[in-house]
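Peer 1: one predicted model, sequence on top.
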Amino acid sequence: MRGATQAKFAAGAIAIALAATACSSGSSGSSSGGSNASGVVNAWWGDPQNPLIPTDTNEVNGGAVLNMIFTGLKTYDPKTAKAMNANAESITTTDQQNFTIKLKPGWKFSDGTPVTAHSYVDAWNWGTYLPNGQNNTDPFFTAIKGYTDVHPASGSPKATTMSGLKVVDDNTFTVALTSKFSTWPDTLGYSAFYPLPKAFFADKAKWEAKPIGNGPYVISSWTKSQQMQLRPNSTYSGDQKPKNGGINLKVYTDPNAAYADLQSGNLDVDNGLPNSALKTVATDLNGRYINQPAGIIQTISFPMYQANWNTAGAQKVRQGLSMAIDRATITKQIFNNTRTPATDWTSPVLGEAGGYKEGLCGDNCTYNPTKAKQLIEAGGGIPGGQLTISYNADGPHKEWVDAVCNSINNVLGNSKSCVGKPVGTFADFRNQVTGKRETGAFRTGWQMDYPLIQDFLQPQYFTDAASNDSHWSNATFDSLVNQANAEGDTTKAVQDFRTAEQQLVTDMPAIPLWYQNGTAGWSSKVSNVTLDPFSVPVYTDITVNK
Amino acid sequence: MPDQQPNKHNGVPEDSSTELSSAFPETPTLGAMGAQPLLDKEDLSHSAPQSAEAVGVTDREVARSLWQDAWRELRRNPVFLISGVLIVLLLLVAIWPGLFDSTSPLSCDLSKSQLGPTSGHPFGFDTQGCDVYARTIHGARASITVGVFATAGAALLGTLMGGLAGFFGGWIDAVISRIADIFFGIPILLGGLVFLSVIPSQSIWVVVGFIVVLGWPQIARIARGAVITAKQQDYVTAAQALGAGNSRMLLRHIMPNALAPIIVVATIALGTYISLEATLSYLGVGLKPPTVSWGIDISSAADTFRNAPHMLLFPAGALCITILAFIMLGDAVRDALDPKLR
Amino acid sequence: MGRYVIRRLLQMIPVFIGTTFIIFAMVHALGDPVNALFGDKAPDPAVAAQLRQSLGLNDPLWLQYLHYMRGIFTGDLGKTFSGEQVTSLLASAYPTTLKLTAVAFSIEVILGIGLGLVSGLRRGKSVDTLVMVFTLVVISIPVFVIGYVLQYLLGVKWGIVNATAGYGAPISDLILPGFVLASVSLAYVARLTRTTVAENSKADYVRTATAKGLPRRRVITHHLLRNSLIPVITFLGTDLGALMGGALVTERIFNIQGVGYWLYQGIVRQNTPTVVGFVTILVVVYLLANLLVDLLYAVLDPRIRYA
């Protein structure tokens, strides 16, 4: 009789399968429309890597949420990238070194507790205190006096708070920097500088499970690795009040899956479009697609710490390699014009006044096969005989690296003079880069933290700076950057930075490739989808159609 | 003369009332089989006893008649002929790609990115503007190299380990079986991600080595079962009684009879290994440029197949045909070596 | 029987230790995970040292492994870098993958055995040829290609099913991924069933049963199928573990946050506790499935007795 039971079981399984299919066709038909103000937007998201603590978040996915649940002293205009006061009433200085910050009164965290000067000072002190192991303090807090006491390069800290921070009253505090830094207030819109409520210090684990902030949204539920639901924060006092009923962030691992969902209406906003979709996205979505400049530049860097890359000949080779890359064709064919060929080391979103200078790189960044070949040969050929371009295989880099290599190969007439060198994981890739184990070129990219030319140059090219992956060192560059930071007048500061940038043109420790645009597609359910200069959707402005 | 021996189950009375006369003429006791189930994929291990049983008594005679019968059978099998021709063709392509194509798979013109087939470029261009026909022809070598050498390696190592385990039994068997279990327990894609990320070399042999390391237990399992079955045959007992040494026993008497199921599994495994290489490339840890392989091309074409289906179609078609050819060959060989199915 | 099961369970211990150690050592060999926590920035040496200390990364490999093993027996599988307990990840990911595996397994069993039976009973007929060609084609196309193509056609172009699995991965959204995941195994099951059915349908006991005047249906279900299923069950048993581990690709294509998702995340972020935790469970499932298969033999074939 065993046979009979088995047959029944099989029949039962089919019945379940059929029932399930019927169920799916029923539910997919009914989409949750709803009225303008209460409609919820389903948006693309990637799983953040670290806990959502402002000083521990350095990647875009965590950053996107922090921007929704927090509003800092400053905020950046979604269109012009200009820093504007948000929670700060005023930030004043007379000497470019000591700043007084006054808060707008009456702001509250979403748990009802007030946002005070202590919320900032305590958060900054906690974040920089070494035993708390926060990873995103350098270079943002290093300018503050007393940083090295709480965060020594080695050994244990001498103090628990930074001497440069002083609370004057509930709505006022002062900041003393170690040296002049005229544009420092403009950095304060960055997520590392967000305040923290008392609840964080009382029970950190509980706060991490469901972070509490002072921003336009509040986290209503969070199923880690799957979905985060954000709803308008009723205690929010800022100007960016949500025009929708909330955002559901859905975690995707593969951008192709998100794009499939966007096309079939299961996702409303997708700012993680796969390269393969760029060709057809505008027609697939009937024009519901945005492609605009963002503060991101892609480069390939050279290991200047390797003797054979740090010679006069190698300098010529680097210039030649830059000229051998047909940026225009690559940005058109591989990226479908979602990248713009780079002609300097900053980004067009800064604007001419902010430091961007079209054509600053000149001939050295212009495709010129003949001259490229001459320069590379004059420089003694590629060190080691073959150029490798290392990149992390878990990111979308293979296509453009192969295209860059093909471009160089075609110029040199040798199909093996350049090859891509994929490294399995981002972690492993970064280990090789920061461990100075690269022997050839490697992929580098920079997404601005705040819209200042300083942020594009200093962290990447100043001697021993946190993101100076090529370990290039140039005394003229360094002194010009120091001079620029001390400059009280912004125009003059920008001019100094540009002069410093000129050093990169000849030495070429990193070849600028292209400025990356922000791209996003959206469903017919929503309208008013825009991207800010950081290529993050302006979630508060998105409206849900009736 | 295919069947001199009666082709039927031995040892088990034909009694339909038990409902359970077995497919296994000599179901080994579990003690002998240890932790290993009888077989892995397809009905391979139990083709072993039949082939062993179908043959005569003296060892020379054994080998010759079994393999000769099989060959005679194969020559008449259209499946074998078709797959054989295909494989010879594929090997030619792999060894001398220049015979079939004069353009280089590495000379690419980005301005022709993803263009469809045109005259002179029958398969069109890929994203990088490389000629898809050239890449399909030149990709054969890497893919087939991975398949053939990974299979050869896994078969050799697996046969050796499985053979030793099955022949000696006891603690040797226990140790080898546990080691096989350890490698069998590691999910192959996960192992690939980790193992191939650890080893920075871009060489094709790293991928081959990895597949051997995780692939041998499957063969070992089959080999072990086959050797145990062969060992229990009367003629082996007889040879042992006559004083044959261990190595002679293993090499002359047991192995020739245990080889059939191993060959069958190996041929089928070959196809899956080629497919595995493609999946590893998809995960970003398979073969790496400037190596040209079907796996690399398929994985980069998989998500653009809407815009440029030709990019996926041709390398995937080539891969498909190759795997088909080897599986069909495996089928034909199994049928030939399993007298019961004639 | 009891003694046999105990012996088998004891034999699992070295296998368990060996597998977890290999995975542990391999993930460890990937290198230092701390640098990646700093994104594109060079790690702050003081913080990095602090993190390495707290993660125990300064200890020798064997000591880290011992610590980890001790943790396992106290129910502590470690944490991800975002501070989440691996045990809670397991609790959320395994049910999802189990659901997916169950769907895939049902498809594999029903379709695989069904097709194999039809094909085996009509050996040489056009149905048989059709099934065989279908299985060959399925086996020879890489899974991710099948996945992308079916997702596009059924999910995006024709809109028959959801393109990805929705929140909570309801069963209805798992049918397509389940089919993709099962596809290759399904083909193997069909071929295997076909062979054994064809073989056994010529067997004397089947002829006897038919001669006795039993209805064809009963002959097939009670006599033929039951005997033919033994090798199929072996395959299914070993395949169960492979399905769960192999969901890595399928889960990625259909955005299912199951075991494969976390294994991939764990590797990409080089988080040893996540990877080893998930593999540990996979290995246990695999070993238990194997044991179950061997015990099933005894049920299906009374000649096998375990002592």
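Peer 2: Perfect, thanks for sending it.

Peer 1: which regions of the chain sit below the pLDDT cut-off?
Peer 2: Since you didn't name a chain, this refers to chain A. A:1-36 (pLDDT under 70).

Peer 1: let's do chain C instead
Peer 2: C:1, C:40, C:301-307.

Peer 1: would you map out the domains in it?
Peer 2: C:2-73, C:89-300 (automatic domain parsing).

Peer 1: winner for burial among those?
Peer 2: domain C:89-300 (a mean of 21; mean count of other CB atoms under 10 Å in any protein chain shown). Any C-beta I mention is one placed from the backbone N, CA and C, and that applies to glycine too.

Peer 1: ends of that one, how far apart?
Peer 2: Domain C:89-300 has an end-to-end distance of 38 Å (criterion: CA to CA, to the nearest Å).

Peer 1: same question for stretch A:471-490.
Peer 2: End-to-end distance for stretch A:471-490, by CA to CA: 28 Å.

Peer 1: would you mind finding the longest helix in chain B?
Peer 2: Ranked by residue count and defined by DSSP state H, the top helix of chain B is helix B:132-168.

Peer 1: show me which residues of chain B sit near chain A.
Peer 2: Neighbours of chain A within chain B, by CB under 8 Å from any CB of the partner chain: B:104, B:106-111, B:113-114, B:127-130, B:193, B:196-197, B:200, B:202, B:284-285, B:288-290, B:300, B:303-304, B:306-307.

Peer 1: from these, list just the buried residues.
Peer 2: By neighbour count, with 16 or more other CB atoms under 10 Å in any protein chain shown, the residues of chain B next to chain A hold B:106, B:108-110, B:113-114, B:127-130, B:193, B:196-197, B:202, B:284-285, B:288-290, B:300, B:303-304, B:306 as buried.

Peer 1: cross-check those residues against chain C and keep the overlap.
Peer 2: Among these, proximity to chain C is found for B:Leu193, B:Ser197, B:Asp303, B:Arg306 (CB under 8 Å from any CB).

Peer 1: what helix or strand is B:Ala70 located in?
Peer 2: Element membership for B:Ala70, per DSSP states H and E: helix B:59-75.

Peer 1: contact partners for the closest residue to chain B within the stretch 201-307 of chain C?
Peer 2: For the stretch 201-307 of chain C and chain B, the shortest gap (CB to the nearest CB) falls at C:Gly245, measuring 2.6 Å. By CB atoms under 8 Å, 6 or more residues apart in numbering or on different chains, the contact set of C:Gly245 is B:Pro187, B:Ile188, B:Leu189, B:Leu190, C:Val259, C:Gly260, C:Leu263, C:Leu282.

Peer 1: got these as JSON lines, with secondary structure columns?
Peer 2: Below are those laid out as JSON lines (DSSP: H, G, I helix; E, B strand; the rest coil):
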{"residue": "B:Pro187", "secondary structure": "coil"}
{"residue": "B:Ile188", "secondary structure": "helix"}
{"residue": "B:Leu189", "secondary structure": "helix"}
{"residue": "B:Leu190", "secondary structure": "helix"}
{"residue": "C:Val259", "secondary structure": "helix"}
{"residue": "C:Gly260", "secondary structure": "helix"}
{"residue": "C:Leu263", "secondary structure": "helix"}
{"residue": "C:Leu282", "secondary structure": "helix"}
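
Peer 1: and the furthest pair within those?
Peer 2: Farthest pair in the contacts of C:Gly245 (CB to CB) is B:Ile188 and C:Val259. Separation: 14.4 Å.

Peer 1: related to what we said a few turns ago, and which of the ones next to chain C among the buried ones among the residues of chain B next to chain A is nearest A:Ala143?
Peer 2: B:Ser197 (38.0 Å).

Peer 1: once you drop chain neighbours, what's closest to that closest one?
Peer 2: Among residues not flanking B:Ser197 along the chain, A:Gly424 sits closest, at 3.1 Å (CB to CB, 6 or more residues apart in numbering or on different chains).

Peer 1: so the one you found makes contact with A:Ala393?
Peer 2: Yes. Contact status for A:Gly424 versus A:Ala393: in contact at 5.7 Å, counting by CB atoms under 8 Å.

Peer 1: shared neighbours of these two, anything?
Peer 2: Residues touching both A:Gly424 and A:Ala393 (CB under 8 Å, 6+ apart) are B:Gly284, B:Val285.

Peer 1: end to end on stretch C:122-129, go ahead and measure it.
Peer 2: Using CA to CA, one end of stretch C:122-129 lies 9 Å from the other.

Peer 1: swap that for stretch A:267-286, sorry
Peer 2: 16 Å.

Peer 1: so for it, what gets flagged as buried?
Peer 2: Neighbour-count burial for stretch A:267-286, with 16+ other CB under 10 Å as criterion, is recorded at A:267-279, A:281, A:284-285.

Peer 1: now it, how far from the centre of its chain.
Peer 2: Stretch A:267-286 has its C-alpha centroid displaced from the chain centroid by 20 Å (CA atoms, centre = their mean, to the nearest Å).

Peer 1: and what of stretch A:350-369?
Peer 2: Counting by CA atoms, centre = their mean, stretch A:350-369 comes out at 22 Å from the chain centroid.

Peer 1: so does that stretch get close to chain B?
Peer 2: No. Stretch A:350-369 stays clear of chain B (CB under 8 Å from any CB), getting no nearer than 11.6 Å.

Peer 1: so what touches stretch C:72-83?
Peer 2: Contacts to stretch C:72-83, defined as CB under 8 Å, 6+ apart, come from residues A:48-51, A:205, A:208, A:224, C:33, C:37, C:68, C:71, C:85-87, C:89-90, C:266, C:269, C:271-274, C:277, C:280.

Peer 1: report the distance from that stretch to the chain centre.
Peer 2: With CA atoms, centre = their mean, you get 23 Å for stretch C:72-83.

Peer 1: can I get that stretch in PDB, CA atoms only?
Peer 2: Provided in PDB are the C-alpha atoms of stretch C:72-83 (Å, rounded to 0.1, in the frame of the first residue of the first chain):
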ATOM      1  CA  ILE C  72      29.100  26.600  17.100                       C
ATOM      2  CA  PHE C  73      28.500  24.300  20.100                       C
ATOM      3  CA  THR C  74      27.300  27.200  22.200                       C
ATOM      4  CA  GLY C  75      25.000  28.400  19.400                       C
ATOM      5  CA  ASP C  76      27.100  31.400  18.500                       C
ATOM      6  CA  LEU C  77      28.000  31.500  14.900                       C
ATOM      7  CA  GLY C  78      29.600  35.000  14.900                       C
ATOM      8  CA  LYS C  79      28.500  38.200  13.300                       C
ATOM      9  CA  THR C  80      28.500  39.900   9.900                       C
ATOM     10  CA  PHE C  81      30.300  43.200   9.600                       C
ATOM     11  CA  SER C  82      27.000  45.000   9.800                       C
ATOM     12  CA  GLY C  83      26.600  43.600  13.300                       C
END
